[in-house]
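*Asks:* got a predicted structure here, sequence first:
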Amino acid sequence: MSTSEERVCPYLGAMNGPDTYWPQPSPANRCYAFPAPTPITEDEQERLCLSGEFSRCPRLQAAQMAYGQRYPAPARPQARIWPWQTRPMAVVVGGLITMGILLVCAWALVAYQTRGFRPASAFATSTPLPALTATAPVGTPVSSPTMPAPPTDTPTTIPTDTPVPSPTFTAVIIPTLPAETPTPWPTPTPFPTPVPRPTSTPRPTFTRPPTFTPRPTYTASPTRTVTPTRTPTVVQYAVQLIASATSAQVQAGQTATFNVTVRNMATVPDNVVLQLFPAVMSGWSVRLIVDGADKGAGPVTIALAASGTKTVSVTFTVPADAAVGSAGEAYLSATSQSSATAQASLSLTVSVKE
C-alpha cells in the first residue's frame, strides 16, 4: 500500500460500495464504519478521512467500541487514480473536447453553405480554332469559278377531266291492292258437362310397430381429486428505524430529544434488540428511553407484532460549560432476534449554538 493509501481511512468508500472512494473531498463519499453507509461532510473528509487523522474520528471510535474485532475494515483493493479524475486535468480534457466539437460544427456549416457551388476554374475552357485563310501567291491571277446555267423547265400539259353523264331516274308505278273482306269467325261449340267419377275408399295401411332397441348403460368414471401441493411459506425478516429529525441545535445546559419509530417489516411477530452507541465528549449524556423508562445505552429487547411499530426516545444532555460549535453524535442500532441479517442503524447529531 502506498503512502497516500495509508493516509486514507479504511472505512471510506463511494456511495455504490466500499471497494473504491474519491481521493478528494466529494459528496459521493460515504462512511462504512457502521452497517449502513453514512454521508460525510467535505470538511470532515479533508480533516479526518483523507488527512491520516482518521483515528481521532468519533464515528470510527464508536464503531470500534460497538463491534470491536467482529466488524473489520472492508478488504478494499488499492485505489487507482486516473489522470482525468483530478480537477486540473478534467478541466483541460473538457476544454479540448469542447474545442473539437466547435471545429466539427464550423466545418459542417461551411460545407453546407458551399454545397453545389463550383468555381469558374473548375469548368474546361474551349480554345477557339484559328480561321483558315486562303492566300494566293503574289503576281499569279486567280480565276473566278463560273457557275453553270440552271436548266429551263419544260411546260407539262395538264389533262382535261372527262365529264360523267348524270343518271336518269325511271318512275315506278305501285299497284293498288283491293280491300279484303273479313271472314267471320265460326261459332264455338260448347263442351259437354263432365260426369264425376265415384270416389273410392282407400284401404287402411298396416304399419308394423318398430323394434325396440335397448340403450347401452354407461357407468360414470369416478372423478379424481387432485391434492394441491403445499408451498412452504418463506418469512422475510426486516427492521426499519424512522426518525422525524436526525440533527438538532441547542444551547449549553439544554436537552435535545429525538423520537424514533421502530418498525417490524416482517409478516410475523418478532423481537428486536435496540442498542445505543454514543460518540460524545466528556460531560455529555446520551440516554435511551423505552416506555418512559431510562434504559441507558441498552441493549433493550422489544416485542413487535407482525408489521407492528413502537416509538422510543433518545435524549442528549449538553453540559453547561460546553463550547459553542461543539457537537455530539450517537448511533442507534436495531437487530432482529429471528434473523441476524435483519438490522438497521440511525445516526443522530446535536450541536451547541450561541
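*Replies:* Yes, it's here. These figures come from a predicted structure and were not determined experimentally.
*Asks:* what kind of secondary structure is Asp43 in?
*Replies:* Here Asp43 is recorded as helix under DSSP: H, G, I helix; E, B strand; the rest coil.
*Asks:* so what's it closest to, chain neighbours aside?
*Replies:* Computed as CB to CB, 6 or more residues apart in numbering, the closest residue to Asp43 that is not its neighbour in sequence is Pro25, at 7.7 Å. In short, each C-beta sits where N, CA and C put it, glycine included.
*Asks:* so how far is Gln45 from the one you found?
*Replies:* 4 Å (CB to CB, to the nearest Å).
*Asks:* what residues are up against the residue nearest to Asp43?
*Replies:* Contacts of Pro25 were listed using CB atoms under 8 Å, 6 or more residues apart in numbering, and they are 42-43, 45-46, 50.
*Asks:* give me the buried subset of the residues you listed.
*Replies:* 45, 50 (16 or more other CB atoms under 10 Å).
*Asks:* still on that earlier bit, any chance of the backbone angles for the residue nearest to Asp43?
*Replies:* When read as degrees, to the nearest 10, the backbone of Pro25 gives phi -50, psi 130.
*Asks:* coming back round to it: take the contacts of Pro25 and write them to a markdown table, including distance to Thr20 and pLDDT.
*Replies:* Shown next, in a markdown table, are those (distance: CB to CB, whole Å; pLDDT from 0 to 100):
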| residue | distance to Thr20 | pLDDT |
| --- | --- | --- |
| Glu42 | 18 | 95 |
| Asp43 | 22 | 94 |
| Gln45 | 15 | 95 |
| Glu46 | 19 | 94 |
| Leu50 | 14 | 94 |
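*Asks:* which residues touch the helix or strand containing Thr349?
*Replies:* Element membership for Thr349, per DSSP states H and E: strand 343-352. Strand 343-352 is contacted by residues 34-36, 38, 239-241, 243, 246-252, 256, 258, 260, 314, 316, 318, 322-336 when judged by CB under 8 Å, 6+ apart.
*Asks:* end to end on stretch 317-326, go ahead and measure it.
*Replies:* In stretch 317-326, first residue to last residue: 13 Å (CA to CA, to the nearest Å).
*Asks:* buried residues of that stretch, list them for me.
*Replies:* Within stretch 317-326, the residues that count as buried by 16+ other CB under 10 Å are 317-319, 322.
*Asks:* just stretch 263-275 next, same as before
*Replies:* Applying a neighbour-count criterion of 16+ other CB under 10 Å, one finds 263-266, 270, 272-275 buried in stretch 263-275.
*Asks:* what do you get for stretch 291-308?
*Replies:* Buried residues in stretch 291-308, counted by 16+ other CB under 10 Å: 295, 297-298, 300, 302, 304.
*Asks:* could you export that stretch as CSV, CA atoms only?
*Replies:* Taking C-alpha atoms only, stretch 291-308 is exported to CSV below (Å, rounded to 0.1, in the frame of the first residue of the first chain):
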residue,chain,number,x,y,z
ASP,A,291,-41.9,3.1,27.6
GLY,A,292,-40.9,6.1,29.8
ALA,A,293,-38.1,4.2,31.4
ASP,A,294,-34.4,5.2,31.2
LYS,A,295,-32.5,2.2,29.7
GLY,A,296,-29.1,4.0,29.4
ALA,A,297,-27.3,2.8,26.3
GLY,A,298,-29.1,-0.6,26.2
PRO,A,299,-29.3,-3.3,24.9
VAL,A,300,-33.1,-3.4,25.2
THR,A,301,-35.4,-6.1,23.7
ILE,A,302,-38.8,-5.0,22.5
ALA,A,303,-41.6,-7.2,21.1
LEU,A,304,-43.3,-6.2,17.9
ALA,A,305,-46.4,-7.7,16.2
ALA,A,306,-46.5,-8.5,12.5
SER,A,307,-45.9,-5.2,10.7
GLY,A,308,-46.1,-3.5,14.1
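*Asks:* run through who's touching that stretch.
*Replies:* Contact with stretch 291-308 is made by 262-278, 286-290, 310, 312, 337, as judged by CB under 8 Å, 6+ apart.
*Asks:* nice, that's everything, thank you.
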